[in-house]
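> after the sequence you'll find the predicted model.
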Amino acid sequence: MGADPLVVTFTGHTPGSPAYRRLIVGLFFAGIATFAQLYSPQAVLPQLSSNLGITPATAALAVSAATLGLAAAVVPWSMVADRIGRVPAMGIGILTATALGFLAPFSIGMEMLLALRLLEGVALGAVPAVALAYLSEEVSARDAAAAAGSYIAGTTVGGLLGRVLSGLAGEPWGWRAGIWTVAGVCAVAAVLFLWLTPKAQGFVPGRFRHDASPRMLARLAMPLRSATQLALYMQGFLLMGAFVAVYNYLGFHLIDAPFALPGWVVTLLFLAYLAGTVSSPTAGALASRFGRYPVLLASIAVMAVGALAMLSQVLFAVIVGLLLFTAGFFGAHAVASGWAPAAAASDSRAQASSLYYFGYYAGSSLFGWALGIVFGRADWAWFVAVIVAMCAVSAALAARALRQASTGRV
């Protein structure tokens with residue numbers, strides 16, 4: 001009884017306060033620990049394919065297995081977090097995933113690697129399932145979109161580090177060394193997350209509330225009855241699927257004619273992730289000012305233009321296209337991922353966020369593999385055409401369901 005008033009009276013940390021800074025920096029390191037190891041195999045897929053004698057689409061399963069595990073785990077993790085608390089759930093997930101990340105390179109075959117990557121993804125599901133709900137509860141309402149953008153910016157740094165470090169280490173020493181290098185960095189980031197992140201003040205774990213267990217399924221079902229929520233989940237499903245597919249197969253495209261780039265140069269193209277580091281907080285700030293809906297549509301449009309630019313046979317144009325594509329994706333993701341918990345009822349925010357990430361990583365797993373078949377059996381032009389079509393469908397769904405839901409408020 002004594003804990004409930006805390007939830008009502010706590011209005012959230014405000015920018016400039018020590019707790020706000022610790023929260024943002026702590027989640028920044030959570031993003032590194034999560035997304036660096038989630039995508040570390042992506043930069044060494046050509047080496048993995050060559051070493052194990054498998055096709056590009058089969059090699060890409062090393063990424064898809066982890067994202068599939070994550071997709072399956074985000075909803076259960078949201079329930080665990082409701083029960084034991086946001087920060088403890090994220091801590092358990094990150095530490096478990098890091099241990100599995102050290103084990104994965106010991107795999108003696110593709111089957112063992114996929115099994116370990118699947119389990120690693122299950123553990124990693126704790127952070128995306130909980131982080132944005134935690135933010136929406138701990139940050140003042142008017143600053144929530146900007147804070148979400150800052151968190152997404154941190155995840156881009158994690159994704160960038162994972163790809164670049166594994167690629168640079170994997171080029172001379174093999175894919176196993178690349179993944180080990182990233183696991184070491186993630187272990188440090190996990191410790192920093194646990195040290196910095198403040199204890200939750202805007203949420204009381206279910207173990208301290210008598211009404212938590214009977215309402216668990218009700219809180220999960222509530223977002224699924226909302227057209228707004230379903231449209232947001234489809235944004236994650238389609239846009240993330242397109243994004244992961246491009247980063248999975250662009251390297252294979254660029255090591256072939258007419259580009260014939262060496263592997264270390266292809267690895268450096270992952271620096272395009274920095275465009276997302278800039279666009280995520282920018283999109284969050286613009287959404288706070290102009291509303292989420294127009295910023296979402298503009299971001300999808302930028303993403304599609306970038307994809308079309310990658311049809312060029314001029315390397316500079318491809319790089320510009322990749323920068324635009326990446327900036328557009330992370331702008332859209334920052335808006336949609338922060339919108340889902342903000343638009344949900346206060347007692348179903350974790351579930352709304354986890355369902356968004358279920359769609360997000362289900363799209364990553366499905367399209368990250370399936371578009372490899374398009375790439376392998378057709379050509380790059382058809383591959384890009386599918387990517388643009390996915391952007392168009394996503395924008396159409398947003399126009400149908402999200403126009404009225406956008407109020408311009410956080």
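Received it, and whenever you're ready, just let me know what you need.
> for whichever strand or helix holds Ala221, give the mean pLDDT please.
Per DSSP states H and E: Ala221 is located in helix 216-224. Averaged across helix 216-224, the pLDDT comes to 72.
> what's the pLDDT at the residue nearest to Asn248 when sequence neighbours are not counted?
Nearest residue to Asn248, sequence neighbours excluded (C-beta to C-beta, 6 or more residues apart in numbering): Ala60, at 4.8 Å. The C-beta positions use only the backbone N, C-alpha and C, and glycine is treated the same way. Ala60 is assigned 87 on the pLDDT scale.
> over to the one 10 residues further on?
Predicted confidence (pLDDT) at Leu70: the value is 89.
> and if you look at Tyr20?
84.
> against Gly31, how distant is it?
17 Å (C-beta to C-beta, to the nearest Å).
> comparing those two, which residue is more hemmed in?
Gly31 (26 against 19; other C-beta atoms under 10 Å).
> the more buried one falls within a helix, correct?
Yes. According to DSSP: H, G, I helix; E, B strand; the rest coil, Gly31 belongs to a helix.
> who's in contact with it?
Taking C-beta atoms under 8 Å, 6 or more residues apart in numbering, we find Gly31 in contact with Val127, Ala131, Tyr151, Ile152, Gly154, Thr155, Thr156, Val157, Gly158.
> count the residues that sit near the fifth one.
In other words, Gly154. Residues lying near Gly154 (other C-beta under 10 Å) number 26.
> that one contacts Ala33, doesn't it?
No. Look at Gly154 against Ala33 with C-beta atoms under 8 Å: they stay out of range, at 10.2 Å.
> give me the distance between the closest residue to Trp195 other than its chain neighbours and Phe237.
Excluding its sequence neighbours, the residue lying closest to Trp195 (C-beta to C-beta, 6+ apart) is Gly26, at 7.9 Å. According to C-beta to C-beta, Gly26 stands 29 Å off from Phe237.
> check Ser50 too.
Counting by C-beta to C-beta, the gap from Ser50 to Phe237 is 31 Å.
> could you do Ala115 as well?
For Ala115 relative to Phe237 (C-beta to C-beta), the value is 25 Å.
> Phe243 now?
Distance from Phe243 to Phe237, counting by C-beta to C-beta: 11 Å.
> just the buried positions in the helix or strand the residue nearest to Trp195 falls within, please.
Taking DSSP H and E as the definition, Gly26 sits inside helix 18-39. With burial defined by 16 or more other C-beta atoms under 10 Å, the residues of helix 18-39 counted as buried are 20, 23-39.
> now that helix: how far from the chain's centre is it?
Mean-position distance between helix 18-39 and its chain equals 12 Å (C-alpha atoms, centre = their mean, to the nearest Å).
> for stretch 221-236, buried residues please.
Met222, Pro223, Ser226, Thr228, Gln229, Ala231, Leu232, Tyr233, Met234, Gln235, Gly236.
> stretch 158-178 too?
158-171, 174-178.
> and what about Arg403, helix, strand or coil?
On the basis of three-state DSSP, Arg403 is classed as coil.
> how about Gly172, phi and psi?
In this structure residue 172 is Pro, not Gly. Dihedral pair for Pro172: phi -90, psi -30, per degrees, to the nearest 10.
> distance of it from Ala242?
Remark: distance between Pro172 and Ala242 (C-beta to C-beta) = 32 Å.
> do Leu269 as well
17 Å.
> who's more crowded, these two?
Neighbours were counted for Leu269 and for Ala242 using other C-beta under 10 Å; Ala242 has more, 29 against 22.
> now the host helix or strand of the more buried one: mean pLDDT?
Using DSSP H and E, Ala242 sits in helix 227-255. In this model, helix 227-255 carries a mean pLDDT of 92.
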